[in-house]
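Asker: Quick one, structure for this:
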Amino acid sequence: MNRIVPLILAVALFMEQMDSTVISTSLPAIAADLGVGPITLKLALTAYMVSLATFIPLSGWMADRFGAKRVFRLAILVFVAGSIFCAMSGSLLSFVVARFLQGMGGAMMTPVARLVLVRSTSRSELVSAMALLTIPALVGPLAGPPLGGFITTYFTWHWIFLINLPVGIVGYVLSGIYLPETEATPPPPLDWIGFLLSAVAASGTIFGLSVVSLPALPPVIGIAATIAGIVCGVLYVRHARHHPAPLLDLRLFRDSAFRAAAIGGTLFRISVGAVPFLMPLMLQVGFGLTPFESGLVTFTGAIGAITTKFMAKRVLTYAGFRTTLIVASICGAALTFANGLFTPATPFWFMAGVLLVAGLARSLFFTSVNALSFADIADADASKATSMSAVIQQISLAMGVAVAGAILEIETTLTGSPLELGDFQIAFMIIAGLTLLAVLPFISMAKNAGESVSGHKLKAAEEETVGVK
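Answerer: Okay, here's the model as predicted:
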């Protein structure tokens, strides 16, 4: 396996993860400067996710049509341009528009990066390659909270988006030198009807769920957008069943491993989307910490995530996908629940320890579920699988932010008082319950699912041979 390829591709994940953790830590400061409430600024997070959900379906088709390397490099430039516009924003509207532009770049970066990796890696090395791809990306969450908090506390939040500029330039140059050339293959004509239906379905649902509880907009807007998204989703399903080459191919769900990874991953990602939104707000609003102090607490989760990358292959070889994902789901839910028990009297070292182990469990889950998604997928369907997986991931992450924000809004409406520590504690506990549901699709999954990728069956056979001798 050529290790330089996944490391370069990881630039995309690094920028996205750095960007998301930086903005989460700096959310209260940005909201105050723009003259809106922290929950209202959720529009900026939502705009990014809506953009991702809208344009990700095009990523596989564009990679086939114009070449994955060319699309990946162009996406980096678009993402960096969006970052610069974020830094220049002086109002909520301009900030939301800039975040949408960032999302357009992100919609092509990460799915196409995974596509290049899958096409250039053998199945037996896929877990190791996925882990290697994610290691540099996890430096983003590691450096993002303390760096973003430090800049926001002692300088100004505008500068946090300029971090992406040097990283993007390096990624653009190195990708031009080292990434393998992938020939553009003429794909079927673009499914424009499918694109429009899927775009409205994903963006309408995400936008509607995110703004239905916002005080800045009438609830009817959120309700109408959600209904429109659901209706278009139903129409897309009907359309895809009869189209010879749908943009998002629903036939992928016939594969049991892909189906389990999609459903279980969606439920688990609700927690992953909610925690980065809830934790910095709780530490700053509920505990009274500065952005820098809260960042020093939350960054330990990335240390646990990096640690997992060096053990994921061995764990999967020993336990297999089914057992690993069940255990990781239960641990992730329990540790999310533990966040709801934090108080200002809780020692920082204890909170950091919980977040560290939580990062380990979540990283093990995602390395496993990402590899499982492609375990039994034919090479010819790799681009379809990357697009479908990326859309599902972004919708579920957005649902996490939307659900967390809705819980806080409902609590403040019922109590008639501003956000308090108890509101965040209840939100964490509810999110933990939703996360635990991720166990269900993996329980019914075959024990030998994805064995060609995990190597679990091979290990069992070797042990049996040794026993005979």
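Asker: Check the protein for its longest helix and report it.
Answerer: helix 382-415 (DSSP state H).
Asker: Now do that helix, average pLDDT.
Answerer: Per-residue pLDDT values across helix 382-415 average out to 80.
Asker: swap in stretch 422-436?
Answerer: For stretch 422-436, mean pLDDT is 91.
Asker: Restrict that stretch to CA atoms and write it as PDB.
Answerer: Output in PDB follows, covering the C-alpha atoms of stretch 422-436 (Å, rounded to 0.1, in the frame of the first residue of the first chain):
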ATOM      1  CA  GLY A 422     -29.500  21.100  33.400                       C
ATOM      2  CA  ASP A 423     -30.700  21.700  29.800                       C
ATOM      3  CA  PHE A 424     -27.400  20.400  28.400                       C
ATOM      4  CA  GLN A 425     -27.400  17.400  30.800                       C
ATOM      5  CA  ILE A 426     -30.800  16.300  29.700                       C
ATOM      6  CA  ALA A 427     -29.900  16.800  26.000                       C
ATOM      7  CA  PHE A 428     -26.800  14.500  26.500                       C
ATOM      8  CA  MET A 429     -28.900  11.800  28.100                       C
ATOM      9  CA  ILE A 430     -31.500  11.800  25.300                       C
ATOM     10  CA  ILE A 431     -28.800  11.700  22.600                       C
ATOM     11  CA  ALA A 432     -27.200   8.700  24.400                       C
ATOM     12  CA  GLY A 433     -30.500   6.800  24.200                       C
ATOM     13  CA  LEU A 434     -30.700   7.400  20.500                       C
ATOM     14  CA  THR A 435     -27.100   6.300  20.000                       C
ATOM     15  CA  LEU A 436     -27.800   3.000  21.800                       C
END
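Asker: ok, back up a step: in the longest helix of the chain, which residues are buried?
Answerer: 382-409, 411-412 (16 or more other CB atoms under 10 Å). Quick note: C-beta positions are derived from backbone N, CA and C, even for glycine.
Asker: Kindly report the same for stretch 61-70.
Answerer: Here stretch 61-70 shows 61, 62, 63, 64, 67, 68, 69, 70 as buried, counting by 16+ other CB under 10 Å.
Asker: pretty sure the fifth one contacts residue 179?
Answerer: No - between residue 67 and residue 179 there is no contact, the gap being 10.2 Å when judged by CB atoms under 8 Å.
Asker: Give me the distance between the longest helix of the chain and the centre of its chain.
Answerer: Chain-centre distance of helix 382-415: 10 Å, with CA atoms, centre = their mean, to the nearest Å.
Asker: for it, packing partners?
Answerer: Helix 382-415 is packed against helix 42-66, helix 92-119, helix 192-211, helix 256-281, helix 348-375, helix 421-436, with contacts defined by 3 or more CB pairs under 8 Å, 6 or more residues apart in numbering; DSSP states H and E.
Asker: Could you check the angle the fourth one makes with helix 382-415?
Answerer: Interaxial angle of helix 256-281 relative to helix 382-415 (axes from the mean of the first three to the mean of the last three CA atoms, to 10 degrees): 40 degrees.
Asker: now swap in the first one and tell me
Answerer: Following the same axes, to 10 degrees, one obtains 170 degrees for the angle between helix 42-66 and helix 382-415.
Asker: mean confidence for helix 42-66?
Answerer: If you average the pLDDT over helix 42-66, you get 81.
Asker: for that helix, which positions count as buried?
Answerer: If you call a residue buried by 16+ other CB under 10 Å, then helix 42-66 has these buried ones: 42-64.
Asker: Isn't residue 408 up against residue 420?
Answerer: No - assessed by CB under 8 Å, residue 408 is found out of contact with residue 420, at 10.1 Å.
Asker: burial count for residue 437?
Answerer: Residue 437 has 16 neighbours, counted by other CB atoms under 10 Å.
Asker: One more: residue 128?
Answerer: Counted with other CB under 10 Å, residue 128 comes out at 18.
Asker: Without its sequence neighbours, what residue ends up closest to it?
Answerer: residue 313 (5.3 Å; CB to CB, 6 or more residues apart in numbering).
Asker: Identify each buried residue in the helix or strand harbouring residue 322, please.
Answerer: Using DSSP states H and E, residue 322 sits in helix 312-339. Residues of helix 312-339 classed as buried: 312-313, 315-317, 319-322, 324-329, 331-339 (neighbour count, 16+ other CB under 10 Å).
Asker: same question for that helix, mean pLDDT?
Answerer: On average, helix 312-339 scores 90.
Asker: cool, stretch 449-458 as well?
Answerer: For stretch 449-458, the mean pLDDT works out to 71.
Asker: buried stuff in that stretch?
Answerer: Using 16+ other CB under 10 Å as the test for burial, stretch 449-458 gives 449, 450, 451, 453, 454, 455, 456.
Asker: do the same with stretch 250-265
Answerer: By 16+ other CB under 10 Å, the buried positions in stretch 250-265 come out as 252, 255, 257, 258, 260, 261, 262, 263, 264, 265.
Asker: Check the gap between the closest residue to the last one other than its chain neighbours and residue 51 for me.
Answerer: Here the nearest residue to residue 265 in space, its sequence neighbours aside, is residue 369; by CB to CB, 6+ apart that works out to 4.7 Å. Relative to residue 51, residue 369 is positioned 24 Å away (CB to CB, to the nearest Å).
Asker: Report the residue spans of the stretch 51-200 of the chain with pLDDT below the cut-off.
Answerer: 120, 122-124, 131-132, 134-145, 182-184 (pLDDT under 70).
Asker: For residue 162, give me its contacts.
Answerer: By CB atoms under 8 Å, 6 or more residues apart in numbering, the contact list for residue 162 reads 83, 84, 87.
Asker: quick one: which of those residues is nearest residue 168?
Answerer: residue 83 (7.5 Å; CB to CB).
Asker: tilt between the helix holding residue 322 and helix 256-281?
Answerer: Angle, helix 312-339 to helix 256-281, by the same axes, to 10 degrees: 40 degrees.
Asker: which other helices and strands contact helix 312-339?
Answerer: Against helix 312-339 (3+ CB pairs under 8 Å, 6+ apart) you get helix 126-137, helix 256-281, helix 348-375, helix 421-436, helix 439-443, helix 451-454, helix 456-468.
Asker: at 6 Å instead, please
Answerer: Under the contact definition 3 or more CB pairs under 6 Å, 6 or more residues apart in numbering; DSSP states H and E, helix 312-339 sits against helix 126-137, helix 348-375, helix 421-436, helix 439-443, helix 451-454, helix 456-468.
Asker: Switch those over to a markdown table; also include distance to residue 276.
Answerer: Formatted as a markdown table, these follow (distance: least, CB to CB, whole Å):
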| stretch | distance to residue 276 |
| --- | --- |
| helix 126-137 | 14 |
| helix 348-375 | 11 |
| helix 421-436 | 12 |
| helix 439-443 | 22 |
| helix 451-454 | 29 |
| helix 456-468 | 32 |
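Asker: Residue 107: which of these is closest?
Answerer: With CB to CB as the criterion, residue 107 lies closest to helix 126-137 of the helices and strands packed on helix 312-339, at 16.5 Å.
Asker: ChimeraX command to pick out the buried ones of the contacts of residue 162?
Answerer: This is how ChimeraX selects the buried members of the contacts of residue 162, with burial counted by 16+ other CB under 10 Å:
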select :83,84,87
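Asker: Since that was my last question, I'll sign off now.
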